[in-house]
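**Q** Coordinates only, no sequence provided:
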């Protein structure tokens with residue numbers, strides 16, 4: 001069984017998780033160096049990386065799937081996280097300039113519907129950035145981290161998946177070359193591992209990161225009836241809020257509202 005939102009949160013609080021966050025945030029920022037005035041949605045468990053953009057972007061929201069659970073985010077200030085079905089995201093069409101998926105693609109049971117929803121959310125020329133476990137890497141084989149759960153991918157598999165779902169892949173890179181060990185020496189040596197791996201062992205990084213652009217085709221739009229679905233908003237102090245436990249604030253929200 002895949003680990004849930006509390007397990008993922010607790011991982012990022014460890015020394016190994018903090019190292020993971022630092023390395024991946026550096027890569028995310030390199031791919032998206034300037035998001036001033038843009039609107040960004042994170043899907044899955046993207047909050048350790050969305051915080052990069054809070055002071056810069058016009059709007060940042062975090063969407064977490066029911067199978068994982070939701071945490072209030074950010075810990076202070078207005079809540080920006082919701083629990084929602086990946087196949088029916090309660091967000092308006094073409095409302096976001098960028099979408100970041102972390103701990104999402106490899107875990108979902110509705111992969112193609114999720115990608116179509118991402119396509120729907122993105123404005124013309126919008127970009128999606130996906131971070132997934134690398135099938136060839138060690139991290140996908142160790143269940144002690146969130147990257148050891150779900151379906152791993154190679155860069156080629158991920159690129160083909162995006163092309164099949166109306167996205168144009170733009171760039172691919174690997175990251176997390178240090179072994180997923182919580183030993184102090186391993187964590188301290190992670191920057192050296194990253195430099196060496198980025199130069200000589202790109203195929204064996206712990207994760208694959210791929211950026212893609214939304215494709216636009218001149219076709220007759222598909223008119224789809226919007227169904228009201230429950231939207232669960234993380235409320236109160238930081239903690240685990242699930243669709244099943246009644247601790248979330250439940251309101252009916254129209255997808256297009």
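**A** Everything's here; your move. Because the structure is predicted, anything quoted here is derived from the model rather than measured. Residues are numbered from 1 along each chain as shown.
**Q** which stretch of helix or strand covers residue 186?
**A** If you go by DSSP states H and E, residue 186 is part of helix 184-188.
**Q** next SSE after that helix?
**A** Following helix 184-188 in sequence, per DSSP H and E, is helix 190-200.
**Q** and after the lengthiest helix in the chain, which helix or strand comes next?
**A** Longest helix in the chain by number of residues (criterion: DSSP state H): helix 15-31. Using DSSP H and E, the helix or strand that follows helix 15-31 in sequence is strand 39-44.
**Q** if you average pLDDT over the helix or strand that that next one is followed by, what comes out?
**A** Using DSSP H and E, the helix or strand that follows strand 39-44 in sequence is helix 47-50. Across helix 47-50, pLDDT averages out at 97.
**Q** The helix or strand following helix 47-50 pairs with which strands?
**A** Using DSSP H and E, the next helix or strand after helix 47-50 towards the C-terminus is strand 59-64. Sheet pairing of strand 59-64 (DSSP bridges) gives strand 39-44 (parallel), strand 81-83 (parallel).
**Q** For the first one, give the mean pLDDT please.
**A** Model confidence over strand 39-44, given as mean pLDDT, is 98.
**Q** neighbouring contacts of that strand?
**A** The set of residues external to strand 39-44 that reach it, using Cβ atoms under 8 Å, 6 or more residues apart in numbering, is 49-50, 53, 57-65, 68, 86, 89, 91, 95-105, 107, 114, 118, 121. The way it works is simple: take the backbone N, C-alpha and C, and place the C-beta from them, glycine included.
**Q** at 7 Å what do you get?
**A** 50, 53, 57-63, 91, 95-104, 121 (Cβ atoms under 7 Å, 6 or more residues apart in numbering).
**Q** Out of those residues, which end up buried?
**A** 50, 53, 57, 60-63, 91, 95-104, 121 (16 or more other Cβ atoms under 10 Å).
**Q** so where's the stretch 151-257 of the chain shaky on pLDDT?
**A** 218-257 (pLDDT under 70).
**Q** Buried ones in the strand ranked longest in the chain, by neighbour count?
**A** Scanning the chain for the strand with the most residues, using DSSP state E, yields strand 122-133. Of all the residues in strand 122-133, those buried under the rule 16+ other Cβ under 10 Å are 122, 126-133.
**Q** Please consider this matter closed, and thank you.
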